[in-house]
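> Give me a 3D structure for the following:
(2 chains)
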Amino acid sequence: MINASLKQLSSQLAGKKISSVELTQLYLDRIAALNPELNAYVTLNPETSLAQARAADVRLAQGKGAALTGIPIAQKDIFCAQGWRTTCGSRMLENFVAPYDAHVISQFNNAGAVNLGKTNMDEFAMGSSNETSYFGAVKNPWNHKAVPGGSSGGTAAAVAARLCAAATGTDTGGSIRQPAALCGISGLKPTYGVVSRYGMIAFASSLDQAGPMARSAEDLALLLNVMAGFDERDSTSLQRETEDYARDLAKPLNGLRIGLPKEFFAAGLSADVGAAVEAAIAEYKKLGATVVDISLPNSRLSIPVYYVLAPAEASSNLSRFDGVRYGYRAPEYSDLTDMYEKSRAQGFGAEVKRRIMIGTYVLSHGYYDAYYLQAQKIRRLIAQDFVEAYKYCDVIMGPTSPTTAFNLGEKGDDPVQMYLSDIYTIAVNLAGLPGMSIPCGLGTNGMPVGLQIIGNYFDEARMLNVAHQYQLATDWHQKAPAGVNSDK
Amino acid sequence: MSLSTDDVKKVARLARLAMTEQEMHTAHAQLHNIFELIAEMQAVDTSGIEPMAHAQELGQRLREDVVTEGNQRELFQSVAPQVERGLYLVPQVIE
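Now for the predicted structure:
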């Protein structure tokens, strides 16, 4: 049951082979057994989850079930869910119970899915290892000494350890794709604007995008069908025709042109990751695809540009946490300014403070043109590289992350080393393109390797097709960490 | 452009973050490294390039000027650190 696809679960639920209550309880039992070690979930609410499951069973009995009705989904703790503690991985929101639902949460509720719990994450989604969470690091289910990646590391670990049927994540610079790669699961960051940001706690608003994380491309398509759609409460939500993202899954890949950016296979890529990605490309050739060499000459600038723009937007977004309307307030202070300064100093962790400082500096008088404006101009150059590349190919492929999962504490003292682990993912956010990661092998240390697939704007259905066909021909996505596969 | 300890102090003040001397010192070293990483940007010729502020370059969507939000004061204030008679309490600002 824990290895069943969403489609299989859906048909078992519809055929009354299993009830949503049974399925939810099965996952709650697994969480109770495995989560104390993995720390993938920060908040559970079994009564609420089971109540949703009972309601789903009633709906299914009435024959009114939809694709995800009764299926237990884990939600990244960045999405406000009414009545649920919503922490964003921060002490600042340790006791914050959301008074309303994020759009993504309402979409799942309307579909009749069960909210299984809130998953751990880097504080305010700032991190690539889940080590910045106030609630402690998540462990990678494949090796408990290794990081799960970040910032959606709790979600990635929960999916990999079969502690949920599927889950959500968010991706500002790689936060869906990199943990998906490091935990051996599939994850998709849609085109910017496809999924509403309403009720998703903001980090860098021009880059933040929510997306699904699951065990296969087919599952991702079903999840995206629920998550996507216009929402007038998000000013950047796009008004488009409703799409069935699963519509092209079965298409053959004959004639598919895959662009390989030379910059993604240069120095810095570890040999085992490179070899696994090359093997995946060879598999795609067998499936009828052709390969085109392309160049993204400005992609090397994506890290400097990102570490100006994202902190700038974050410093503005996080100014709302002042200890007045919600969130942490310091116990002692002398006056209003002292209250702000102490509440923020005590409520935020080191990485968040670091990024607020960077952002405040680059936006301050005298530095705005040299940093912020210059970064926005290079952002355009980076985006134009992709426009040029897509004249010659249909999708772009490469590694998701330069290495497999590194060890907990390994990059702890040097923020710059941590930032460099997002070298292949950040440009996609800057351009606003859709990107995904699927498992494509194991490294020399036995840890999963992710293949990154970057699509053109609004090309999610094609990317899912490309990923699904690979998953029909290979079984990397079915590999599970040792010890979690005791099915019942 | 190198960052001085005075810059770090000023930025911490602007960002409303209380910091000890020790924290200031650590932040200075780390920010220095990050700005070295960022410095790579400065060499790029961007003359004539329009800044890109957003991934989707769309105009601002407008809506009818009608009330869409009901009064939820009690619900929203239930998560506030300190509230009295429907008001948020902060330290006295005016003598």
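> In chain B, which residue sits closest to chain A?
Chain B approaches chain A most closely through residue B:55 (2.4 Å), counting by Cβ to the nearest Cβ. Placement of C-beta: from N, CA and C, glycine included.
> could you point out where chain B is predicted with low confidence?
Scanning chain B for pLDDT under 70 picks out B:1.
> Go again with 80.
B:1-2, B:57-59, B:95 (pLDDT under 80).
> re the thing from before, give the contact list for the residue of chain B closest to chain A.
Neighbouring residues of residue B:55 by Cβ atoms under 8 Å, 6 or more residues apart in numbering or on different chains: A:192-193, A:206-207, A:383, A:429-432.
> let's go with 7 Å and repeat that
Contact partners of residue B:55, counting by Cβ atoms under 7 Å, 6 or more residues apart in numbering or on different chains, are A:192, A:206, A:431-432.
> Pick out the most distant pair among those residues.
A:206 and A:431 (11.4 Å; Cβ to Cβ).
> What's the local residue count around residue A:293?
11 (other Cβ atoms under 10 Å in any protein chain shown).
> Looking at strand pairing, list the partners for it.
Assessed by DSSP bridges, residue A:293 has beta-bridge partners residue A:260.
> so it touches residue A:260, yeah?
Yes. At 5.9 Å, residue A:293 counts as touching residue A:260 under the criterion of Cβ atoms under 7 Å.
> Can you name the helix or strand that the residue of chain B closest to chain A falls in?
Counting by DSSP states H and E, there is no helix or strand that carries residue B:55.
> ok, it to residue A:380 distance?
11 Å (Cβ to Cβ, to the nearest Å).
> Relative to the whole chain's centre, how far out is stretch A:45-57?
Stretch A:45-57 sits 25 Å away from the centroid of its parent chain (Cα atoms, centre = their mean, to the nearest Å).
> buried residues in it?
Judged by neighbour count using 16 or more other Cβ atoms under 10 Å in any protein chain shown, the buried positions of stretch A:45-57 are A:45, A:48-50, A:52-57.
> Which residues does it contact?
In contact with stretch A:45-57 (Cβ under 7 Å, 6+ apart) are residues A:19-21, A:24, A:28, A:69-70, A:83-84, A:112, A:114-117.
> same question, stretch A:250-257
A:284, A:287-290, A:292, A:393-394, A:465-466, A:469.
> if I look at the closest residue to residue B:74 other than its chain neighbours, how far off is residue B:13?
Excluding its sequence neighbours, the residue lying closest to residue B:74 (Cβ to Cβ, 6 or more residues apart in numbering or on different chains) is residue B:86, at 8.0 Å. Residue B:86 is 33 Å from residue B:13, where distance means Cβ to Cβ.
> and if you look at residue B:90?
Distance from residue B:90 to residue B:13, by Cβ to Cβ: 19 Å.
> between those two, who's got more neighbours?
residue B:90 (17 against 14).
> mind checking the SS state of the more buried one?
coil (DSSP: H, G, I helix; E, B strand; the rest coil).
> what do you get for the one 4 residues further on?
With three-state DSSP as the basis, the three-state label of residue B:94 is coil.
> Now a PyMOL select for only the buried ones of the contacts of stretch A:45-57.
Selection of buried members from those for PyMOL, criterion 16+ other Cβ under 10 Å:
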select buried, chain A and resi 19+20+21+24+28+69+70+84+112+114+115+116+117
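> Among the contacts of stretch A:45-57, which one sits closest to residue A:474?
Nearest to residue A:474 out of those is residue A:116 (Cβ to Cβ; 28.7 Å).
> who's in contact with that closest one?
With Cβ under 7 Å, 6+ apart, residue A:116 has these contacts: A:24, A:27, A:49, A:72-74, A:164.
> Just those residues: which are in strands?
Those of the contacts of residue A:116 mapping onto strands are A:72-74, per DSSP state E.
> most distant residue from the middle of chain A?
residue A:334 (40.9 Å; Cα atoms, centre = their mean).
> What is the nearest of the buried residues of stretch A:45-57 to residue B:34?
residue A:45 (38.6 Å).
> Would you mind measuring from the closest one to residue A:103?
For residue A:45, the distance to residue A:103 - Cβ to Cβ - is 20 Å.
> quick revisit: out of the buried residues of stretch A:45-57, which two sit at the greatest distance?
Across the buried residues of stretch A:45-57, no pair lies farther apart than A:45 and A:57, at 18.2 Å, counting by Cβ to Cβ.
> quick one: contacts for the residue nearest the centre of chain B?
For chain B, residue B:15 is the residue whose C-alpha lies nearest the centre (Cα atoms, centre = their mean; 6.8 Å). By Cβ under 7 Å, 6+ apart, residue B:15 lies in contact with A:315, A:356-357, A:360.
> For the residue nearest to it when sequence neighbours are not counted, which three-state class applies?
Of all residues not flanking residue B:15 in the chain, residue A:360 sits nearest, at 4.3 Å (Cβ to Cβ, 6+ apart). Counting by three-state DSSP, the backbone at residue A:360 sits in helix.
> thought residue A:360 was touching residue B:10?
No. In this structure, residue A:360 is not within contact of residue B:10 by Cβ under 7 Å, at 9.1 Å.
> ok, the two, which is more surrounded?
Taking neighbours as other Cβ under 10 Å, residue A:360 and residue B:10 compare with residue A:360 leading, 23 against 14.
> And that one, how far from residue B:6?
14 Å.
> Same check on residue A:74?
Distance from residue A:74 to residue B:6, by Cβ to Cβ: 46 Å.
> Neighbour count: these two, which is higher?
residue A:74 (29 against 9).
> The more buried one against residue A:169, yeah?
No. Using Cβ under 7 Å, residue A:74 is not in contact with residue A:169; the gap is 9.8 Å.
> any residues in contact with both of the two?
Joint contacts of residue A:74 and residue A:169 (Cβ under 7 Å, 6+ apart) are residue A:155.
> Count residues in the vicinity of residue 43, would you?
All of this refers to chain A. 17.
> that's the other chain; I wanted chain B
Neighbours of residue B:43 (other Cβ under 10 Å): 7.
> Next, the residue of chain B closest to chain A: phi, psi?
phi -70, psi -40 (degrees, to the nearest 10).
> just checking, what packs against the longest helix along chain B?
Ranked by residue count and defined by DSSP state H, the top helix of chain B is helix B:21-38. Secondary-structure packing of helix B:21-38 (3 or more Cβ pairs under 7 Å, 6 or more residues apart in numbering or on different chains; DSSP states H and E): helix A:302-317, helix A:350-362, helix A:415-419, helix B:5-14.
> Pull out the CA atoms of the helix or strand that the longest one is followed by and give them to me as PDB.
If I follow you right, that is helix A:302-317. Next in sequence after helix A:302-317, counting helices and strands by DSSP H and E, comes helix A:336-347. The C-alpha trace of helix A:336-347 is given here as PDB (Å, rounded to 0.1, in the frame of the first residue of the first chain):
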ATOM      1  CA  LEU A 336       9.100  50.200  21.100                       C
ATOM      2  CA  THR A 337      12.400  50.100  19.100                       C
ATOM      3  CA  ASP A 338      14.000  47.900  21.700                       C
ATOM      4  CA  MET A 339      10.900  45.600  21.500                       C
ATOM      5  CA  TYR A 340      11.200  45.300  17.700                       C
ATOM      6  CA  GLU A 341      15.000  44.700  17.800                       C
ATOM      7  CA  LYS A 342      14.900  42.100  20.600                       C
ATOM      8  CA  SER A 343      11.800  40.300  19.200                       C
ATOM      9  CA  ARG A 344      13.400  40.000  15.800                       C
ATOM     10  CA  ALA A 345      16.800  39.100  17.200                       C
ATOM     11  CA  GLN A 346      15.400  36.300  19.300                       C
ATOM     12  CA  GLY A 347      12.700  35.200  16.900                       C
END
